[in-house]
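[1] what shape does this take:
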Amino acid sequence: MKAAVYYETGSPDVFRYEDVADPTVGDHDLLVAVEAVSIEGGDTLNRLGGELNASPHVVGYQCAGTVVKVGPAVTKFAVGDRVVTVGIDGSHAELRAAHESFAWKVPDGLATAEAACVPVAFGTADDCLFEFGHLAAGETVLIHAGASGVGIAGIQLAKRAGARVFATASSDARLERLRELGLDEGINYATSDFVAEARRLTDGRGVDVVVDSVGATTLQGSIAALGYRGRCVSVGDAGRAAALQLDISGMRPNNQTFSGYFMGAELLLNPRTFEMIAGHLASIEKGELKVVIDRSYPLAEAASAHAYIESRQAFGRVLLTP
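    Predicted structure coming up:
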């Protein structure tokens, strides 16, 4: 099969488009002919400096396509099913092997390309807001990187739950586009102090929940933006640098909570996550939620696609198509 691979981590130009061996299919695995790859933030971080599980390495968490082979112990899927899958790596390729526990059938009325964008973004946003952030109707939430996949999913889910929704983005134009998805108040972090703005918009109180996918110095600001009994959920390091030290001295007297979130652990250890994601696929099929796709690149142009994401110009998902 063809795949976008690399032999060492680094900038997008480490990618090579090469023939590699087809994936091995285990007893509980599906072999999927990939039709759409949603490039996740973790994919770019892994390419930049993650572990290489093989050489050459095929990166990528999430993709969708059609099942072409099933392992002998598979019970939930059959050849010909359209599925979206997640895994540690392997999405940037023509074929992907995935365990049946990390795959979802694509509803009949949902496009494969849209389905490819759902589990990581909508599953992560849902858990950060509700399972860990305990967001309730009438509360306020600040979602960083509002134009990202998790951001766009989170804005819609929070609004549907009856929250007042704030989000950050790098331009007023991007914030304006988010309003049609449910954004109440946008904060341009390039021109404003988001902590001061969050407090101004809440009459000095601070927000109830922050979903922080940026990390680094932004994470300290997220804690500072919390109100009494506020909850901050840290879900990533899109800022390309970890927050090595945080001052949490103000959290205890304000009865605030800090949580870390990693979707992979929930998928492995908590079966409720599977049904939650299946529900989002169904909601998107019905038009109750929306997937936003910025653009698609051929798989052979994975370097260009990753470079575009890292330019921070994307609004929504960027896809690869084998």
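[2] rest of the way, CA atoms for contacts and neighbours
    Noted.
[3] where does pLDDT dip in the stretch 201-322 of the chain?
    239-244 (pLDDT under 70).
[4] show me where it has strands.
    With DSSP state E, counting those that start in this stretch as the definition, the stretch 201-322 of the chain shows strands at residue ranges 207-212, 226-234, 257-260, 293-298, 317-321.
[5] winner for burial among these?
    Sort the strands of the stretch 201-322 of the chain by mean neighbour count, taking mean count of other C-alpha atoms under 10 Å, and strand 207-212 sits at the top with a mean of 29.
[6] can you pull the contacts of the spatially most central residue of the chain?
    Closest residue to the average C-alpha location of the chain: A121 at 3.4 Å, with C-alpha atoms, centre = their mean. Taking C-alpha atoms under 8 Å, 6 or more residues apart in numbering as the contact definition, A121 lies against G149, V150, A153.
[7] may I have the lengthiest helix in the chain as CSV, with CA atoms only?
    The single longest helix within the chain, with elements called by DSSP state H, is helix 272-285. Taking only C-alpha atoms (Å, rounded to 0.1, in the frame of the first residue of the first chain), the coordinates of helix 272-285 have been written out as CSV:
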residue,chain,number,x,y,z
ARG,A,272,-19.7,4.6,28.0
THR,A,273,-17.4,6.6,25.6
PHE,A,274,-18.2,4.3,22.7
GLU,A,275,-22.0,5.0,22.9
MET,A,276,-21.4,8.7,23.4
ILE,A,277,-19.4,9.0,20.2
ALA,A,278,-22.0,6.8,18.3
GLY,A,279,-24.6,9.3,19.5
HIS,A,280,-22.7,12.2,18.0
LEU,A,281,-22.4,10.4,14.7
ALA,A,282,-26.2,10.0,14.7
SER,A,283,-26.7,13.7,15.6
ILE,A,284,-24.5,14.9,12.8
GLU,A,285,-26.4,12.6,10.4
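[8] please name every helix or strand in contact with that helix.
    helix 119-126, helix 263-269 (3 or more C-alpha pairs under 8 Å, 6 or more residues apart in numbering; DSSP states H and E).
[9] many thanks, I have nothing further to ask.
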